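> need coordinates for the following:
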Amino acid sequence: MSLSEKSVVVVTGAANGIGRQLAIEIARENVAGIAVSDINQAGLDETAEMAVAQGVEVLTSSVDVAKLDQIERFARETIERFGRVTHLINNAGVGLVGRTEEISFEDIEWLMGINFWGTIYGTKTFLPIFRKQNFGHITNISSVFGLIGAPGQSAYCASKFAVRGFTESLRLELEGTNIFVSCVHPGGIKTDIAKNARRGEKASDEDMELASVMLHKLARSTANQAAKTIIKGIKAKHPRILIGPDASQISAIQRLFPKRYFNILDRLTGGMLSKYR
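Next up, the predicted model:
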């Protein structure tokens, strides 16, 4: 189902970054309503103001996507306000810096709770609604790190590979129905995810600095560009949405050179990736 004046769109992680820009750009599509959530209430309120300024009705809800009961409450609130949901975008996500030996079990559980379980909770909570309506579109945000592995990002890659696998399986399960599924793989996006990333229990100052510098140098797309690409992909019902020229390049290199992609990408980035080794 494409975006229209009858659409009601749910976006998680909407207090900043891609989530905020998605809310703003979706509001410009003259949809019936938008339901946005985040744990950052102040940022969420700012997003809502920006979307309302486009003339759309907006529901805000303080939600920790790692908690199923909060996702279920959010779904109830959305149905009570708008009577339906047509699109779900599981966007909420966090970063974690540190090599495998530097991050704790608690660090990994925290990240997986948001990046992976948040996607599972959102999908399984809203899917019955789509089934009952016999239409809907689920969009899950993975990453280029859901296509390739990278040193210093084992937990993050694990979560994004998991989102990719879950989403692709779901899409195959729903083939032939009126429920569409898309998986998004952003490349480097100019957001605060690296700055706000959790520091692994034993991660060094050097690792934290390197993560910030690497994102700053490699980020080629803005959050606004990412949002527009996602919306375009949703309208076209694309199953895989790549964001940025770097994402397209990484996807191609990984498919052509599944054993050597890291060395190739490392050379293309001037040896920056290998600094994590």
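> okay, now the unreliable bits of this structure?
1, 192-195, 207, 209-219, 272-277 (pLDDT under 70).
> quick check: longest helix of it.
helix 154-173 (DSSP state H).
> give me the helices and strands touching it, please.
Helix 154-173 sits against helix 105-115, helix 117-133, strand 136-141, strand 179-186, with contacts defined as 3 or more CB pairs under 8 Å, 6 or more residues apart in numbering; DSSP states H and E. C-beta here means a position set from N, CA and C on the backbone, and glycine is covered the same way.
> among the ones you listed, which is nearest residue 171?
For these, the distance to residue 171 is smallest for strand 179-186, at 3.8 Å, taking CB to CB.
> what's in contact with the following helix or strand past that closest one?
Using DSSP states H and E, the next helix or strand after strand 179-186 towards the C-terminus is strand 189-190. Strand 189-190 is touched from outside by 17, 18, 219, 221, 222, 223, 226, 243, 244, with contacts defined as CB atoms under 8 Å, 6 or more residues apart in numbering.
> sitting in helices, which of those residues do you find?
When DSSP H defines the helices, the subset of the contacts of strand 189-190 inside them is 17, 18, 223, 226.
> tell me the one among the residues you listed nearest to residue 124.
Using CB to CB, residue 18 is the member of these that lies nearest residue 124, at 22.5 Å.
> mind checking how far the closest one is from residue 234?
Here the criterion is CB to CB, to the nearest Å. By it, residue 18 lies 13 Å from residue 234.
> more neighbours: these two, which one.
Legend: neighbour count by other CB atoms under 10 Å for residue 18 and residue 234, higher for residue 18 (29 against 25).
> where's the more buried one relative to residue 143, distance?
Residue 18 is 11 Å from residue 143, where distance means CB to CB.
> coming back round to it: as TSV, the ones in helices among the contacts of strand 189-190 with distance to residue 199 would be great.
Shown next, in TSV, are the ones in helices among the contacts of strand 189-190 (distance: CB to CB, whole Å):
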residue	distance to residue 199
17	19
18	23
223	23
226	25
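> from these, which is closest to residue 264?
Using CB to CB, residue 226 comes nearest to residue 264 of the ones in helices among the contacts of strand 189-190, at 24.4 Å.
> please look at that closest one and residue 20 and confirm they touch.
No: using CB atoms under 8 Å, residue 226 is not in contact with residue 20, being 10.9 Å away.
> now residue 152, what's its secondary structure?
Three-state assignment for residue 152 (DSSP: H, G, I helix; E, B strand; the rest coil): coil.
> and for it, the neighbour number?
Burial of residue 152 is recorded as 24 neighbouring residues (other CB under 10 Å).
> list the contacts of residue 167.
By CB under 8 Å, 6+ apart, the contact set of residue 167 is 119, 138, 140, 142, 181, 182, 183.
> where's it relative to residue 142, distance?
Going from residue 167 to residue 142 by CB to CB gives 7 Å.
> which residues do those two both contact?
Common neighbours of residue 167 and residue 142 are listed as residue 183 (criterion: CB under 8 Å, 6+ apart).
> the stretch 1-150 of the chain: strands as residue ranges?
Counting by DSSP state E, counting those that start in this stretch, the stretch 1-150 of the chain has strands at residues 8-12, 33-38, 57-62, 87-90, 96-97, 136-141.
> just put those in TSV and tack on mean neighbour count and distance to residue 187.
Putting these into TSV (neighbours: other CB atoms under 10 Å; distance: least, CB to CB, whole Å) gives the following:
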stretch	mean neighbour count	distance to residue 187
strand 8-12	27	20
strand 33-38	27	23
strand 57-62	18	29
strand 87-90	27	18
strand 96-97	25	19
strand 136-141	25	13
